[in-house]
Structures are given as C-alpha cells and as structure tokens.
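*Asks:* Quick one: sequence and predicted model below, then my questions.
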Amino acid sequence: MSEGEGQRETRAEVALSGLPGSPGVALGKAAVLNLGRTGVVHRHVQASEVPEEIERFKRGVAKSAAELRELSAKAHKSATKIEISVLEAYTLMVEDELLLADVTRRVETELVCAEWALDLAVTEMAATLRRSNDAYLAERSHDFEFVGARIRQAIGGGPADVVVDTSEPRILVAHDLSPAETVGLTRDKVLALVTEVGTRTSHTAIVARALEIPAVVGVAGALSRIGNGDSLIVDGLRGQLLLHPRPETTAEYQTRAARFRDIQRLRREARDRPSKLGSGELIELRANIEIPSEALAALSHGARGIGLYRTEFLYVDRTEPPTEEEQYDTYRRVAEIMNPLSVTLRTFDIGGDKFVSVFQMPSEMNPALGLRAVRLGLARPEIFMTQLRAMIRATAHGKLRIMLPMIASLGELFAVKELYEQALADVDRRGLPRAEHISLGIMVEVPSAAVLAHEFAEHAEFMSIGTNDLVQYTLAVDRSTPELAYLASYFDPAILRLIQNVIAAGKDKNRPVLLCGAMASDPMAALLLVGMGLREMSMEAAAVPEVREVLANVTLEQVERAAADALVERTAAGVTAALTRHFGRLLSEG
Ligand code: PEP
Ligand code: MG
C-alpha cells in the first residue's frame with residue numbers, strides 16, 4: 001500500500017461518469033496504474049544515418065514482437081482465449097509490412113529518426129481509423145497507438161512490461177489499458193477496470209467483457225481524482241463510478257452486485273452452448289470479418305468460426321500486392337486465433353465497388369458487371385496464384401477452407417480450379433506443409449450460379465449464398481444506389497426462390513450450404529432462412545447474440561410454418577407481412 005492510502009475514507013461521495021465498458025458491479029479499493037508514457041524523441045538525421053535508423057526500427061519491431069509472443073505464451077496459462085488472441089493480433093500489427101514500409105519511407109524522405117517516423121505513421125493511421133464511420137474501426141486507433149508505444153519503448157530499450165502487483169483484489173484505474181498490460185489480471189486479482197479513454201469497442205472493454213470483469217471506460221480525469229487505495233464502486237452497466245461511497249450506497253450496490261453475478265452466470269452458460277432452436281436443432285452462427293483483428297470480436301460475440309473472411313482488404317491502399325509470405329502469415333494468425341473453430345477464406349473480391357489500385361484496372365462502363373473477383377484473378381493469374389498458395393499453406397495451422405467469389409459459370413469454376421491445382425502442386429513441390437484435404441467452395445451470388453446450383457454442387461465442396469450481390473444482380477439494382485434501396489429486398493420472392501434452389505441442391509448433393517450476406521443478420525430473415533432449411537449462417541459479429549436469442553425462442557415447426565406462408569407470397573411486402581404475422585410479437589418483445 002502506498003502512503004496516504006485509506007486517508008480519503010472520510011471524503012464526500014463523488015459520482016464520476018464514463019461509458020459502460022463491461023457490465024457488472026464491483027466494490028473495492030483502487031489500484032492506480034500510471035504508465036507515464038515516454039515522450040517521443042524528435043531528431044533530424046543525416047542521409048548517412050538513414051540505414052541505421054531503419055535497422056533500429058526493425059530491431060524494435062523484432063524485440064516487441066518477441067515480447068508480445070512471450071506474453072502470449074505466459075497468457076496461455078492465465079488468460080482467456082480472447083486475451084491471447086488480442087496479443088496475437090498485436091503481434092501481427094507490430095510486424096505489419098505496411099508499417100515498416102511507411103516508417104522506412106518517412107525516415108528516407110523526411111530524414112527523421114525512427115521514433116519520430118513511427119510516431120508520424122501511427123498518428124496518421126490512428127487518425128484515419130478515427131475518421132471512419134465504423135465505431136469498431138475507429139476504436140482500433142487505440143490499438144495502433146498502443147502498438148506504436150510498444151515499438152517505441154523497444155527502440156529506446158526501455159521497460160515494456162507493466163506488472164500490477166496487489167496482494168488483494170483491486171479495481172484497476174489507468175489512463176488506458178492494453179491486453180499486454182492486463183495479462184495475468186484474472187478475475188481473482190482484478191475486481192473491475194476503469195480507464196480514462198476508450199469506448200465500448202476498445203480492447204479494454206472487449207477484454208473486460210471476455211474476462212467478465214466490470215469496466216467503465218472514458219472516465220475523463222479519473223487519474224487526477226482517484227488515488228491508490230480509495231474506495232470505489234464501479235457500475236459497468238451504467239458507466240458510472242462512485243468514489244468514497246457512503247455506507248448506504250455501499251449496501252445498495254452490494255445487493256446489485258450479487259444480483260448481477262447471478263444473471264451473469266446464467267448468461268455465460270447460455271453463450272457457451274451452441275446456438276439452437278427452442279426445439280433443439282443446431283444452427284451454426286459464424287462471423288464475417290474484413291481485418292484479422294475482427295476475429296477477436298467474432299469470439300467475444302460467441303460466433304462459432306468465421307464464415308467469410310473478405311481478404312480483398314489486404315490489397316487496399318498499397319501499390320504492390322501483398323506477398324505470399326505476408327498473406328500466409330495473416331491467414332495463419334487468423335486460423336490460429338480461431339482454432340479449433342473454422343475459418344472460410346474468400347479469395348480477393350476486387351472490382352465492382354471494391355476498387356484497388358494494385359491492379360490498375362481499366363475504367364469500365366459497368367464495373368459491377370466487369371472485371372471483378374475471380375474474373376480478375378483469371379486475368380492476373382500471377383497475383384491470384386500467390387494468394388492461393390498463401391491460403392493453401394495457411395491450412396496447416398487451423399481449420400481453413402477456401403471460397404471463390406462471383407462464380408458465374410461452370411467453365412469459370414473449372415478454369416479457377418486449374419489454377420488452384422497448380423498452386424497446390426507448387427506448395428507440395430516446395431515441401432511445405434498443408435492440410436491433407438482442403439475444402440474448396442463457391443459463393444453463390446450471381447443468379448446463374450443459383451439457377452445451376454445442382455450442377456455447381458457437383459464441383460464445389462460447399463456453397464455460400466451472398467445475398468448482397470444476389471439481390472443486386474437478380475433485381476438489377478446497384479447495391480450502392482440508395483434511391484433504389486426500396487427495390488433491393490432479400491424478401492423478394494425471386495431471391496427466395498433462388499435461395500430455395502441452392503438449399504435443395506445442397507441437400508440433394510450432400511454439400512454444406514451457408515448464407516453470408518447481410519440478410520443473415522436480420523433476425524426476421526434468419527427465422528425465415530432456418531424455416532427454409534438453412535442450418536448455417538455468417539454475419540457481422542455484433543449481430544450474432546441477437547440472432548442466437550431469437551432462434552432460441554422458436555421451434556422448427558414454427559419457422560417451417562412461417563416459411564411455408566411466406567413462400568407463397570408474390571411480393572417482398574407480402575413476404576414481410578407474412579413473417580410479421582408469425583414473428584412480429586416475438587421480435588418486438590425481444
Ligand atoms: C454478398 O455479396 O452477399 C457478400 C457476402 O459478399 P460482399 O458483400 O463482400 O460482396
Ligand atoms: Mg458479394
């Protein structure tokens with residue numbers, strides 16, 4: 001205990017507000033962690049010093065990656081799967097080739113020292129993420145800052161580990177906390193977490209939720225008000241803190257804390273169970289991801305694997321395509337994070353609305369109908385084969401399968417399979433390990449593939465229905481035109497008829513069928529799809545808990561009856577009305 005502990009007990013109760021980070025109520029004494037972030041050295045360098053600065057940066061990267069791996073190994077004993085995964089994602093960020101390229105360019109062109117170049121690179125990356133409209137991505141800016149601070153410490157040779165040693169469980173109060181700093185801080189050591197920065201999607205909050213520790217984040221000025229040993233109450237549900245609580249307040253919160261612990265126990269039991277209908281049938285809910293660190297969100301939301309990894313995001317914002325090694329490393333990490341759950345890697349879907357400068361594509365009248373996805377892969381086989389080889393090699397490290405987007409004809413599938421066979425042979429010739437059998441499937445998102453689903457099922461080991469594009473191409477509605485959104489309904493009978501055909505083909509040919517478009521994340525649509533026979537869906541991670549809950553509240557008979565009623569309707573509005581008749585009450589009560 002530090003000097004002065006306990007002297008504040010007679011002070012008046014103070015309420016401090018933040019944001020709810022992780023639900024739960026905790027009462028206890030504060031342990032204040034003041035990390036005292038090191039200042040950034042700003043030093044101009046001579047051209048002759050450039051190579052040494054770049055080397056210093058690389059040494060820093062290697063050192064921090066080694067430290068994070070060591071922490072991650074330690075964490076295997078004491079931390080949760082998600083905490084380990086966060087550390088692994090950080091290692092991935094530390095070793096990011098883009099970061100190395102960016103820092104190198106800054107050192108060379110701006111003649112600044114490694115620390116300064118790193119700070120500039122990280123600040124710019126964090127600002128870009130913050131500007132995005134996506135709260136999850138915006139929150140990743142803290143991760144970049146953390147990773148930057150870690151490398152900076154490694155360059156300067158300073159201590160990187162923060163060890164919190166408290167003999168009794170405490171409420172940890174800090175400016176910010178990263179998983180590297182919380183490794184080993186299990187529930188028996190930490191009662192709650194409080195940080196000055198962060199939001200619901202920051203890693204402090206994600207990890208706290210995974211550890212089931214209450215957390216309040218974004219409490220401005222917490223460090224200036226809370227001292228070591230101060231009595232605190234943390235209300236993670238409301239995002240509130242009570243400093244120096246009165247005895248009556250303490251008594252009231254003790255009751256609430258006990259009540260919450262009971263609720264939490266019941267919830268934990270529910271999340272760890274596979275997703276099932278009320279009548280017991282298993283429905284696999286998986287997550288769609290675009291960047292590797294989203295795998296963490298998938299886990300924390302209880303998704304059973306990744307049903308769609310949109311790998312095209314690896315090609316964005318760069319002039320050269322990612323190398324085989326870089327891709328292999330990335331896919332491998334995702335596979336390892338998710339293991340033993342499965343991950344479906346989709347080969348790049350570039351073109352259409354997903355423009356990437358690496359390919360220097362010609363401008364087209366109708367990009368959505370142009371050189372996109374596997375069509376581009378076939379036009380640029382060297383880039384496509386590099387990706388296929390990386391994916392094949394990554395299968396040695398987890399449960400991976402490979403999926404081809406935008407397949408429109410069988411001839412096209414055969415052409416891609418030829419390249420795939422060559423990529424397999426390349427990997428084998430180099431003596432590199434891979435899974436003995438790799439499942440190769442297709443996305444069914446072009447109407448022709450849905451129409452010929454039975455024929456495709458003979459040549460694709462699984463089929464994943466991409467309703468975002470299936471709607472666009474079937475109803476001839478550009479998916480990026482908001483004025484036409486009224487036409488673009490996945491409840492349109494034409495879409496449902498195509499989906500029915502794919503599900504039937506899967507059944508007849510004994511091939512797994514899943515659906516990974518936005519339709520799966522709409523609870524009413526999910527109920528319909530299960531009623532139509534679908535047993536596997538992939539959606540944005542945040543939608544998983546709600547869909548799981550809705551499914552648990554219906555029986556197979558109910559959803560089948562609703563689907564039968566919906567499928568005789570002739571318009572999207574009619575389908576919606578039929579589903580509302582069956583499920584309106586259930587969904588509005590939820
Ligand atoms: C789809 O088209 O439904 C799909 C899941 O793929 P994307 O949204 O990446 O085109
Ligand atoms: Mg698509």
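*Replies:* Thanks, I have the structure now. Numbering: from 1, shown residues only. Ligands and ions are numbered 1, 2, ... in the order given.

*Asks:* and whatever residue of the stretch 151-300 of the chain ends up closest to ligand 1, how many residues sit next to it?
*Replies:* Residue nearest to ligand 1 within the stretch 151-300 of the chain (C-beta to the nearest ligand atom): Asn288, separated by 6.8 Å. In this view, the C-beta of every residue, glycine as well, is placed from N, C-alpha and C. Using other C-beta atoms under 10 Å as the criterion, Asn288 is surrounded by 24 other residues.

*Asks:* Was I right to think it contacts Cys516?
*Replies:* Yes: between Asn288 and Cys516 a contact is recorded at 5.9 Å, counting by C-beta atoms under 8 Å.

*Asks:* who touches both of the two?
*Replies:* 307-308, 538-539 (C-beta atoms under 8 Å, 6 or more residues apart in numbering).

*Asks:* Go through those and name the one nearest ligand 2.
*Replies:* Nearest to ligand 2 among the shared contacts of Asn288 and Cys516 is Leu308, at 9.1 Å by C-beta to the ion.

*Asks:* Name the strands paired with whichever strand or helix holds Val234 and say parallel or antiparallel.
*Replies:* Element membership of Val234, judged by DSSP states H and E, is strand 231-235. Strand 231-235 has its sheet partners listed here by DSSP bridges as strand 25-33 (antiparallel), strand 240-243 (antiparallel).

*Asks:* Can you lay out those strands as a markdown table showing mean neighbour count and mean pLDDT?
*Replies:* Formatted as a markdown table, these follow (neighbours: other C-beta atoms under 10 Å; pLDDT from 0 to 100):
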| stretch | mean neighbour count | mean pLDDT |
| --- | --- | --- |
| strand 25-33 | 22 | 90 |
| strand 240-243 | 20 | 95 |
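
*Asks:* Show residues contacting the strand holding Val234.
*Replies:* With contact meaning C-beta under 8 Å, 6+ apart, strand 231-235 is reached by 8-9, 24-30, 171, 173, 191-194, 214-216, 226, 241-245, 249-250, 253, 256.

*Asks:* And for stretch 535-547?
*Replies:* 271, 275, 281-289, 294, 297-298, 300-303, 306-308, 344, 464, 512-516, 518, 520-521, 523, 526, 529, 590.

*Asks:* Mind checking which of those residues land in helices?
*Replies:* Using DSSP state H, the subset of the contacts of stretch 535-547 located in helices is 271, 294, 297-298, 300, 523, 526, 529.

*Asks:* sorry, back to before: also near ligand 1: which of the shared contacts of Asn288 and Cys516, exactly?
*Replies:* By C-beta under 6 Å from any ligand atom, the members of the shared contacts of Asn288 and Cys516 lying near ligand 1 are Leu308.

*Asks:* Spatially, which two of the shared contacts of Asn288 and Cys516 are the most separated?
*Replies:* Within the shared contacts of Asn288 and Cys516, Leu308 and Met539 form the most distant pair, 9.0 Å apart (C-beta to C-beta).

*Asks:* Identify the contacts common to these two.
*Replies:* 286, 288, 516.

*Asks:* what's near enough to touch Val197?
*Replies:* Residues in contact with Val197, defined by C-beta under 8 Å, 6+ apart, are 142, 175-176, 217-218.

*Asks:* Make a PyMOL selection of whichever of those turn out to be buried.
*Replies:* In PyMOL syntax, the buried subset of these is picked out as below (16 or more other C-beta atoms under 10 Å):
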select buried, resi 142+175+176+217+218
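
*Asks:* Take the contacts of Val197 and write them to CSV, including pLDDT and distance to ligand 1.
*Replies:* Listed next are these as CSV, based on pLDDT from 0 to 100; distance: C-beta to the nearest ligand atom, whole Å:
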residue, pLDDT, distance to ligand 1
His142, 72, 27
His175, 85, 38
Asp176, 82, 33
Val217, 91, 31
Gly218, 91, 32
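
*Asks:* Tell me which of the contacts of Val197 fall in helices.
*Replies:* His142.

*Asks:* which one among the contacts of Val197 gets closest to ligand 2?
*Replies:* For the contacts of Val197, the nearest to ligand 2 is His142 (30.8 Å; C-beta to the ion).

*Asks:* so which one among the ones in helices among the contacts of stretch 535-547 has the lowest pLDDT?
*Replies:* pLDDT across the ones in helices among the contacts of stretch 535-547 is lowest for Arg271, at 66.

*Asks:* Same list, the strands paired with strand 231-235, but as JSON lines with distance to ligand 1 please.
*Replies:* As requested, these are exported to JSON lines (distance: least, C-beta to the nearest ligand atom, whole Å):
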{"stretch": "strand 25-33", "distance to ligand 1": "40"}
{"stretch": "strand 240-243", "distance to ligand 1": "39"}
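
*Asks:* any chance of those strands in a markdown table, plus distance to Leu92?
*Replies:* Converted to a markdown table, these look like this (distance: least, C-beta to C-beta, whole Å):
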| stretch | distance to Leu92 |
| --- | --- |
| strand 25-33 | 25 |
| strand 240-243 | 34 |
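
*Asks:* Stretch 394-403 spans what distance, first to last residue?
*Replies:* Across stretch 394-403, the terminal residues are separated by 14 Å (C-alpha to C-alpha, to the nearest Å).

*Asks:* mind giving me CSV with the contacts of Val197 and columns for distance to ligand 2?
*Replies:* Below are these laid out as CSV (distance: C-beta to the ion, whole Å):
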residue, distance to ligand 2
His142, 31
His175, 42
Asp176, 37
Val217, 35
Gly218, 36
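
*Asks:* Among the contacts of Val197, which one lies nearest to Thr323?
*Replies:* Lowest distance from Thr323 to the contacts of Val197 (C-beta to C-beta) belongs to His142, with 28.3 Å.

*Asks:* Double-check the closest one against Ile206; I have them as touching.
*Replies:* No: His142 lies out of contact with Ile206 (C-beta under 8 Å); the separation is 11.0 Å.

*Asks:* and the gap between the residue of the stretch 51-200 of the chain found nearest ligand 2 and Glu294?
*Replies:* The nearest approach of the stretch 51-200 of the chain to ligand 2 comes at Asp134, 18.6 Å away (C-beta to the ion). Distance of Asp134 to Glu294, given as C-beta to C-beta, to the nearest Å: 10 Å.

*Asks:* Between these two, point out the one with more neighbours.
*Replies:* Glu294 (23 against 11).

*Asks:* Tell me how many other residues surround the closest residue to the more buried one other than its chain neighbours.
*Replies:* Sequence neighbours aside, Ala541 is the residue nearest to Glu294 in space, at 6.7 Å (criterion: C-beta to C-beta, 6 or more residues apart in numbering). Applying other C-beta under 10 Å, we find 25 other residues in the vicinity of Ala541.

*Asks:* Which residues of the stretch 151-300 of the chain lie near ligand 2?
*Replies:* Counting by C-beta under 5 Å from the ion, no position of the stretch 151-300 of the chain is adjacent to ligand 2.

*Asks:* as a whole number, average confidence for the host helix or strand of Ala89?
*Replies:* Assigned by DSSP H and E, Ala89 belongs to helix 81-94. Mean pLDDT, computed over helix 81-94, is 76.

*Asks:* now for the helix or strand following it, which elements pack on it?
*Replies:* Next along the chain after helix 81-94, taking DSSP H and E as the criterion, comes helix 97-110. With contacts taken as 3 or more C-beta pairs under 8 Å, 6 or more residues apart in numbering; DSSP states H and E, helix 97-110 sits against helix 50-78, helix 114-131.
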